[in-house]
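Colleague: kindly return the folded structure for what I paste below:
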Amino acid sequence: MEQPSAEAEYASGISNSDAPWDLFDSRAYLDHNYQDLRQDDRQIIMAVRDYFCEHFRHRQPAEKLSGIDVGSGTNLYPSLSLLPWCSDITLYERSAGNVVWLEREIQHYSSNWDRFWQLFTDREPYRRVADPRGRLSGLATVEKGDLFDLRPGGWSIGTMFFVAESLSTARTEFEEALAKFIAALTPGAPFAAAFMENSEGYRVGDLEFPAYPVEEPQVRDCLAPRTDDLVITRLGFPGEPLRDGYTGMILACGVTS
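Modeller: Model (predicted):
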């Protein structure tokens, strides 16, 4: 019997529920992605930092906000971007291994994150955070959960980096994931979301994980009806690509409608 091609298998679809999330190798993912500060992450950090600073320069909140980072994985810099603005930060994560890593790491995060934090301190609101380790430890809690079960309207600022396109091969699940993220935020909440462009999937340790090959028009189509002041930026390859099988990164910032 003729075996299906790799393209046919990919097209047949892998849903979020099919992927082995609780076998996700946290250490392998961290070592490959975040032991060094890459040029593309540098650009994303600076763009998100500047977006939040400009947003709050014009709209000072009456009180500290409740923040969420959806699908944190082993990436702390989205949570670090929320530190000046929040009274609490939820790190929402499905993988059991990543939950264990996050619960340990937020207590006193590792020195490799110092290079990431240093970029934030080029702007004054971040420089006023004298002890980012202590502040993250005091504000952050880790919640294990499926993105598709996110409760609506629970948070007033949010981030979601490399998640919606990295959980299945289905466009419908990509769109639903973005809709769930936006719905989890209160009206008028600022947000930042990042995506791997045209991702073909990714390997973590010995396991393969699915992805939907998103491009900028799909990101805009999903977010524009639900948000205001939407700014989408495409990043090419400012340095060596992280891995094979993607064409760049996309960053979307805006405010929920």
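Colleague: what sits against the closest residue to residue 55 other than its chain neighbours?
Modeller: Nearest residue to residue 55, sequence neighbours excluded (Cβ to Cβ, 6 or more residues apart in numbering): residue 190, at 4.8 Å. C-beta coordinates here come from the backbone N, C-alpha and C atoms, glycine included. For residue 190, the contacting residues are 51-52, 55-56, 157, 253-255, by Cβ atoms under 8 Å, 6 or more residues apart in numbering.
Colleague: for residue 190, what are phi and psi?
Modeller: Backbone torsions of residue 190, given as degrees, to the nearest 10, read phi -80, psi 150.
Colleague: any idea what it is bridged to?
Modeller: residue 255 (DSSP bridges).
Colleague: residue nearest the centroid of this protein?
Modeller: Taking Cα atoms, centre = their mean, the centroid of the chain lies closest to residue 161, which sits 1.6 Å from it.
Colleague: that one contacts residue 196, correct?
Modeller: No - Residue 161 is beyond contact range of residue 196, at 9.8 Å (criterion: Cβ atoms under 8 Å).
Colleague: pull up the overlap in contacts between these two.
Modeller: Counting by Cβ under 8 Å, 6+ apart, residue 161 and residue 196 have no common neighbour.
Colleague: not counting its neighbours along the chain, what's nearest residue 73?
Modeller: Take residue 73 and drop its neighbours on the chain: the residue closest to it by Cβ to Cβ, 6+ apart is residue 98, 5.4 Å away.
Colleague: could you give the number of residues near residue 124?
Modeller: Using other Cβ atoms under 10 Å, the number of residues around residue 124 comes to 10.
Colleague: before we move on, back to that, show me what contacts the residue nearest to residue 73?
Modeller: Residue 98 makes contacts with 24, 26, 72-74, as judged by Cβ under 8 Å, 6+ apart.
Colleague: over to residue 39?
Modeller: Neighbouring residues of residue 39 by Cβ under 8 Å, 6+ apart: 238-239.
Colleague: how about the strands in the stretch 51-200 of the chain?
Modeller: Applying DSSP state E, counting those that start in this stretch to the stretch 51-200 of the chain gives strands spanning 65-70, 86-93, 140-144, 157-161, 190-197.
Colleague: highest mean neighbour count out of those?
Modeller: When those are scored by mean count of other Cβ atoms under 10 Å, the highest mean neighbour count falls to strand 157-161 (a mean of 27).
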